[in-house]
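Visitor: Kindly generate the corresponding structure for this input.
(chains A and B)
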Amino acid sequence: MREWRVAMATYQEFIQQNEDRDGVRFSWNLWPSSRLEATRLVVPVSCLFTPLKERPDLPPVQYEPVLCSRANCKAVLNPLCQVDYRAKIWACNFCFQRNPFPPSYAGISDVNQPAELMPQFSTIEYIVQRGPPNPLIFLYVVDTCLEEEDLQALKESLQMSLSLLPPNALVGLITFGRMVQVHELSCEGIAKSYVFRGTKELSSKQIQEMLGLTNPSATGPQGRPAAPQDPAVTCRFLQPVHKVDMNLTDLLGELQRDPWPVPQGKRPLRSTGIALSIAVGLLEGTFPNTGARVMMFMGGPPTQGPGMVVGDELKTPIRSWHDITKDNARHLKKATKYYDALANRAASNGHSIDIYACALDQTGLLEMKCLSNLTGGHIAMGDSFNTSLFKQTFQRVFSKDHNGEFRMAFGGTLEVSTSRELKVSGAIGPCVSLNAKGPCISENEVGVGGTTQWKICSLSPSTTLALYFEVVNQHNAPIPQGGRGAVQFVTQYQHSNTQRRIRVTTVARNWADAQSQIQHIESSFDQEASAVIMARLGVFRAESEEGPDVLRWLDRQLIRLFMFHLRRSPFLQVFNNSPDECSYYRHHFVCQNLTQSLIMIQPILYSYSFHGPPEPVLLDSGSILPDRILLMDTFFQLVIYHGETIAQWRKAGYQEQPEYENFKHLLVAPVDDAQEILQTRFPMPRYIDTEHGGSQARFLLSKVNPSQTHNNLYSWGQETGAPILTDDVSLQVFMDHLKKLAVSSAA
Amino acid sequence: MEAKDLYIKPGNQERGWNDPPQFSYGLQTAAQGAPKRTPLNKRVPPPQLTGSPCPVPGDVPSLTAPMTPPTNPLAPPCSMNTPPRPCPVAAPPLGGVMMMATPPPPFPVVEHTDSASSQSENEPDVDDVVTLLNWALTACRHTVKKQVCNDVAKRLKLFEDMWKSGKLSLPVRRRMNGLVQELKSCNWDAADEIHRALIVDHVNEVGQWMVGVKRLIAETRNLNPDLLHTQEVDQSLDTSSTGNSD
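Guide: Now for the predicted structure:
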């Protein structure tokens, strides 16, 4: 047992180093060499991969990557390849093809290696030329059915954003309410706009025709046809921000609330579906396959036209979970299908869609989430546009890294290659399939499967995919001595400075015989990564299947897996949150990196007291003490909870008295630590300052009090035979279970 | 960026339930890329059943074990209603500094005040600021389209009017002064950054006209440097603010 613990400690370092360098965390860091043994381990060989993990120490190289010449391989030259420096030949480690080096590599030798062969460059980035650089595009789609205060705040945020956009970006504006208006952005004269009915569905071609974008006689200066590389000439709706910023600022400043009067007892008529369809069609017709972001701002649900989520009668509330389980949500299927089709169109064009939804009631995120989930767009959910939560979340979309470069990247594709003992089952994350066939595809689909290539239209340094593999080596097939399996991730994308880049990550892990080395395999287990990987699978299934079925599946897994916190989390505990809230939380869960995802499953709790420095404490009601202040981070909320005594002292004002300065410091300490988190987190979390007996204390209490949660679950008519998990199941017990499972003959 | 421009305001609790505080532009940009002082990322494993510790990647309790609490004269007494007793010894108690992970931040959490009473001796002069802006605009008129220059001029006029009628707060006036100084020194990026900070922090005051300043910086930086130097600042006093707009 002691050796096992020592081995675990060593693996911690190995795991961390690999994550720091390559942005990869595997569930298992020693791979069982046979398919049968692999399935017994319950958690598949799988990983979390952050394609554009921030690597400030990694300078990109300015040449093209060298590819394997075999047609169905095309793997990139990497440190795992065998090289014959004399003959100037390299052997692909994936397909064993021998390839000659290109002429430019004539001078290489074992003392003069190109970077991509050096082990420390297991992750390397190439800057490549792929034709003229394309500008980035930002298309604002703005709901005008807002209260005056909200509209004013939104207008100001949009005006402000013009100063935050990349200077050469193209920008466009569509406003909607009962009608949809596409605004022409010209530098001179009166602003014109094209108006569309909010109820009539139009094809992409019709939209383009009505906007005058398919006019075959469109000419540039001097009557010659406009050059195909310069659609900016012909597209009056998407113009460079540095040219139209003044006019657009005025235009935004003059936006009015939707003029259509809203009778008593009714909702405003919001044609969100048509507005989005026009946005997608506009971009499709003018800038296919260029990085573009549709940024949609809405203050309420779609109430007319295709994609409507609820009617305009206020007495008919928007669907709740109860309505959904009773099959009483009239518009749900149709609306979801509508937005799904739009999302797929946008994704195939490489365009992403953000949703900024600010309203006190639900806005239809449940139906519309695919717009962002499939394209890598953001979802922000707030109460009003006149809140810090919205304003700062929106500002942070344009945040820059330490090099002064934008954190957003566009038009990404990810291709995965594996050594032949491994196949790719699928991916879960903000991506769509590129349906690329190849030899590495497993027949068992997990998530988005049947492919080894995916499209991620918008990426940030934290965007993370979960990738699932299948070991295909037959039982009893011999493992080569010291044999290693390898996986290569090739991410092509458009950098925010419009350069095209390719990032290549190549990783390897040793094969191990499960019969003789089960302890070693166990010691290589990364339970944090596995928790998130399995949770993503759970969420994916919850999104595509009936809710109770997923919980039953999870319960079966739970006999073997410690998923205590996941089960209580908002990702599967749907009944304490609205459908929109669930969609919001799940969206972030399947996009974020490991550290943030873990916080979402198992919130962090720190205790502040006079007794010593702040310390992490158990997420347990026993951690709530009268003389402590607790800071809880659930990712979506930061809660500062003052114990009873602290609250009384605070109320009595002791912090104002000079001799109790230490008490003042104690009060400030969690606030400062919370502020550090608040300063950079995206999206901005809610901030709750509460105390013993306070109404907001429930946010803390609901996370630490387990019996409440279990009662809620079972009150929904679940079969009473489901196994009951108590708080006392420790990680130690989990590991014991896993070991027993692995060595027993029962699968 | 001055310390005064690094601040935090409370969120809008009227409109947003548990709205988080709002950070100024300076604070937000400072935070990006900077490592956290005290990353709160540790968890405590649940109590052991079998007695043998379970090492968990990422949980290294030994790193965060609290120090042995000192005999702390400030330990709360058993009576709940008695406040913490001050240390009987003259020196500050050991607990007084070590209680937090790090000392309080160097800048205070300041409620941003716009009151006119906060005028200090370095109240910038509106005419100086406007003069410098017009110096740049005049230089632009040689090569930049007339319509654009007129649009910029219109906005500079609005800025001037708002200032003179007391509609601009001191931080805006002060920072605009800083902006034109950077412009004068041809520090285009610095000027641009100030414009960005102003529009993020004070959009309701500057939103209508700041885009003109933005454009002015963008156009001026592209000018032939000789064009700028031939325009001495003193000479531009002849082409004062009222003369430029038509």
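Visitor: Would you agree A:G643 is in contact with A:L625?
Guide: Yes. Assessed by CB atoms under 8 Å, A:G643 is found in contact with A:L625 at 5.4 Å. C-beta here means a position set from N, CA and C on the backbone, and glycine is covered the same way.
Visitor: For chain A, name the helix or strand with the lowest mean pLDDT.
Guide: Counting by mean pLDDT, DSSP states H and E, chain A has its least confident helix or strand at helix A:706-714, which shows a mean of 38.
Visitor: who touches A:F571 in this structure?
Guide: Contacts for A:F571 (CB atoms under 8 Å, 6 or more residues apart in numbering or on different chains) come out as A:A535, A:G538, A:V539, A:A542, A:C582, A:Y585, A:R586, A:F589, A:M600, A:I601.
Visitor: give me the number of residues near the last one?
Guide: By that I understand A:I601. 22 (other CB atoms under 10 Å in any protein chain shown).
Visitor: Give me the pLDDT value at it.
Guide: In this prediction, A:I601 carries a pLDDT score of 86.
Visitor: measure it to A:L255 for me?
Guide: The span separating A:I601 from A:L255 equals 41 Å under the rule CB to CB, to the nearest Å.
Visitor: about what we covered before: neighbour count winner among A:G643 and A:L625?
Guide: For A:G643 against A:L625, the residue with the higher neighbour count under other CB under 10 Å is A:G643, and the figures read 20 against 16.
Visitor: ok, that one - contacts?
Guide: Here A:G643 is in contact with A:I624, A:L625, A:P626, A:D627, A:R628, A:I629, A:L630, A:E691, A:H692 (CB under 8 Å, 6+ apart).
Visitor: got it, and B:V206?
Guide: B:V206 makes contact with B:F159, B:L168, B:V172, B:L198, B:I199 under the criterion CB under 8 Å, 6+ apart.
Visitor: same thing but at 7 Å, please
Guide: With contact set as CB atoms under 7 Å, 6 or more residues apart in numbering or on different chains, B:V206 has these partners: B:V172, B:L198, B:I199.
Visitor: again with A:C73
Guide: Contacts of A:C73 were listed using CB under 7 Å, 6+ apart, and they are A:C92, A:F94, A:C95, A:Q97.
Visitor: Let's see that with 8 Å instead.
Guide: Applying CB under 8 Å, 6+ apart, the residues contacting A:C73 are A:C92, A:F94, A:C95, A:Q97, A:S417.
Visitor: Pop out the phi and psi values for A:V310.
Guide: Per-residue torsions, A:V310: phi -150, psi 150 (degrees, to the nearest 10).
Visitor: Quick check, it in contact with A:P268.
Guide: No. Taking CB under 8 Å as the definition, A:V310 is not a contact partner of A:P268, at 11.7 Å.
Visitor: out of the two, which sits in the busier spot?
Guide: Set A:V310 next to A:P268 and count neighbours by other CB under 10 Å: A:V310 wins out with 25 against 21.
Visitor: what packs against the lengthiest helix in chain B?
Guide: The residue-count maximum for a helix in chain B (DSSP state H) belongs to helix B:146-164. Counting contacts by 3 or more CB pairs under 8 Å, 6 or more residues apart in numbering or on different chains; DSSP states H and E, helix B:146-164 is packed against helix A:241-253, helix B:126-140, helix B:210-221, helix B:241-244.
Visitor: Looking at those helices, which one is packed in the most?
Guide: Highest mean neighbour count among those (mean count of other CB atoms under 10 Å in any protein chain shown): helix B:210-221, with a mean of 23.
Visitor: buried residues in stretch A:474-482?
Guide: By neighbour count on 16 or more other CB atoms under 10 Å in any protein chain shown, the buried set for stretch A:474-482 is A:I479.
Visitor: can you check stretch A:60-78 too?
Guide: The neighbour-count check on stretch A:60-78 (16+ other CB under 10 Å) flags A:P60, A:V61, A:Y63, A:P65, A:V66, A:C68, A:C73, A:K74, A:A75, A:V76, A:L77, A:N78 as buried.
Visitor: ok so, going back, intersection of neighbour lists for A:V310 and A:P268?
Guide: Counting by CB under 8 Å, 6+ apart, the residues touching both A:V310 and A:P268 are A:T303.
Visitor: what about A:S458, distance to chain B?
Guide: When distance is defined by CB to the nearest CB, to the nearest Å, A:S458 is 19 Å away from chain B.
Visitor: shaky segments in chain A?
Guide: By pLDDT under 70, the low-scoring segments of chain A are A:1-9, A:187-189, A:215-234, A:480-481, A:545-568, A:573-575, A:705-747.
Visitor: centroid residue for it?
Guide: Nearest residue to the geometric centre of chain A (CA atoms, centre = their mean): A:C591, 1.8 Å.
Visitor: How about it, nearest residue that isn't a chain neighbour?
Guide: Of all residues not flanking A:C591 in the chain, A:P430 sits nearest, at 5.0 Å (CB to CB, 6 or more residues apart in numbering or on different chains).
Visitor: Many thanks, have a good one.
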